[in-house]
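In: from the sequence below, what's the structure:
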Amino acid sequence: MPALAVAVPPRSLAPALGLAGSWAGDVALLRSDDRSFLVGLGSFSAAHLAYTAGFAARGGRPRPAHALPIAAATAATGAVLGRHAGELRAPVHGYALLIGAMAVAATGVRGPGSGRILGGALTFALSDTLLALDRFVLGERWSQAADGGVMLSYTLAQWLIHDGLHRHDRAGS
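Out: Numbering: from 1, shown residues only. Predicted coordinates for the structure are as follows:
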């Protein structure tokens, strides 16, 4: 995330906080114990709240045609993953709601960069779904493939969000 901040410097507080929260989450998830997972979940939750606020500040109302399928997918994913999360069920459900809200907020951004922002938000949701599947559902046999998918989709998601915000903000200046 520091390299992304240098390559595409945030032009406002919300994306800067999104990057900072994401970086803190990355560091926390270097360990695999439940405490580190919860710290990572909290850090990424802060990032998603910042991104949600940033998208809302740049957009209008979310588009129902996009928001309803995102809400349905979020609810279904949270329910399925929550069943496998054991004692972490409540935090997993809460986090699913936050990332769903972030993706819904992205549907409200209009103008230059809006497609990248929405694509990034949806790719972030995919990345986190892969991470949760890896942690709670998939066996050891699939873990390495899932890890590769998580890192690829996460990196792409962050770049799309920040490049989209950069394009949007530059056009508005």
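In: okay, which residue is most central for the chain?
Out: Geometric centre of the chain, nearest residue: residue 124, 3.9 Å, by CA atoms, centre = their mean.
In: show me where the protein has helices.
Out: Assigned helices in the chain, in chain order: 2-7, 13-28, 34-58, 64-84, 89-106, 114-136, 140-172 (criterion: DSSP state H).
In: will you turn those helices into CSV that also has mean pLDDT?
Out: Putting these into CSV (pLDDT from 0 to 100) gives the following:
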stretch, mean pLDDT
helix 2-7, 80
helix 13-28, 94
helix 34-58, 95
helix 64-84, 89
helix 89-106, 93
helix 114-136, 93
helix 140-172, 88
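In: still on that earlier bit, can I assume the residue nearest to the centre of the chain is in contact with residue 155?
Out: No. With the criterion set as CB atoms under 8 Å, residue 124 and residue 155 do not qualify as a contacting pair; they are 10.5 Å apart. C-beta: built from backbone N, CA, C; applies to glycine.
In: correct me, but residue 123 touches residue 159?
Out: No. Using CB under 8 Å, residue 123 and residue 159 do not qualify as a contacting pair, with a distance of 9.3 Å.
In: between those two, who's got more neighbours?
Out: Counted by other CB atoms under 10 Å, residue 123 and residue 159 do not tie: residue 123 has more neighbours, with 21 against 16.
In: for the residue lying closest to that one once chain neighbours are set aside, give its distance to residue 74.
Out: Taking CB to CB, 6 or more residues apart in numbering as the measure, residue 123 lies nearest to residue 157, with 3.8 Å between them; neighbours along the chain are not counted. Distance, residue 157 to residue 74, using CB to CB, to the nearest Å: 15 Å.
In: cool, residue 121 as well?
Out: Computed with CB to CB, the distance linking residue 121 and residue 74 is 11 Å.
In: can you check which residues contact both of those two?
Out: Shared between the contact lists of residue 121 and residue 74 (criterion: CB atoms under 8 Å, 6 or more residues apart in numbering) are residues residue 103.
In: neighbour count: those two, which is higher?
Out: When residue 121 is set against residue 74 and neighbours are counted by other CB under 10 Å, the residue ahead is residue 121, at 28 against 21.
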